[in-house]
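>>> Quick check, what structure comes out for this input:
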Amino acid sequence: MPKLIFLPHEDLCPEGALFEVPVGISICDAALSNGIELEHACEKSCACTTCHVYVREGFDSLEEATEQEEDYLDKAWGVDPDSRLSCQALVGAEDLVIEIPRYTINMVSEGSH
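Model (predicted):
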């Protein structure tokens with residue numbers, strides 16, 4: 001199984017994280033099921049940008065972003081060539097190194113309930 005390596009993020013995973021996940025799971029679902037509370041305001045329906053992440057290693061193992069995902073990424077804070085919406089990026093066979101952006105365009109983080 002591929003490994004996901006999350007780089008340290010001040011609020012969501014200060015120590016960083018490493019875990020194995022099954023191929024085909026979204027980065028967002030993998031993070032959530034391993035205690036990393038990524039925002040996902042649209043409930044993972046590709047209708048916002050709050051789950052935006054940078055895939056620093058392994059990016060090419062992901063399927064290409066859809067046109068809809070690309071349109072939303074254009075609106076995300078701090079987009080760069082490694083950007084993906086984690087709800088849409090499905091883990092392939094390679095390990096991934098993921099960085100969570102410092103900010104999202106959400107003004108308020110509602111947290112999980």
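>>> Contacts made by the lengthiest strand in the chain with the rest, please.
Counting residues, the longest strand found in the chain (DSSP state E) is strand 52-57. Strand 52-57 has contacts (CB atoms under 8 Å, 6 or more residues apart in numbering) with 5, 7, 27, 38, 62, 73, 76-80, 82-86, 89, 95-101, 104. For glycine as for every other residue, the C-beta is placed from the backbone atoms N, C-alpha and C.
>>> now do 10 Å
Contact with strand 52-57 is made by 4-7, 9, 27-28, 31, 38-39, 61-62, 72-73, 75-87, 89, 94-101, 103-105, as judged by CB atoms under 10 Å, 6 or more residues apart in numbering.
>>> From residue 27, how far out is the residue nearest the centre of the chain?
Relative to the mean C-alpha position of the chain, the nearest C-alpha, by CA atoms, centre = their mean, is the one of residue 86, at 3.1 Å. When distance is defined by CB to CB, to the nearest Å, residue 86 is 4 Å away from residue 27.
>>> returning to what we had before: run through the residues that contact the residue nearest to the centre of the chain.
26-32, 36, 38-40, 44, 50-53, 55, 98, 100.
>>> From the opening residue of stretch 11-23 to its closing one, how far?
27 Å (CA to CA, to the nearest Å).
>>> Skipping adjacent residues, who's closest to residue 15 in space?
Spatial nearest neighbour of residue 15, excluding adjacent residues (CB to CB, 6 or more residues apart in numbering): residue 8 at 6.2 Å.
>>> returning to that earlier point: roughly how far out does the longest strand of the chain sit from the chain middle?
7 Å (CA atoms, centre = their mean, to the nearest Å).
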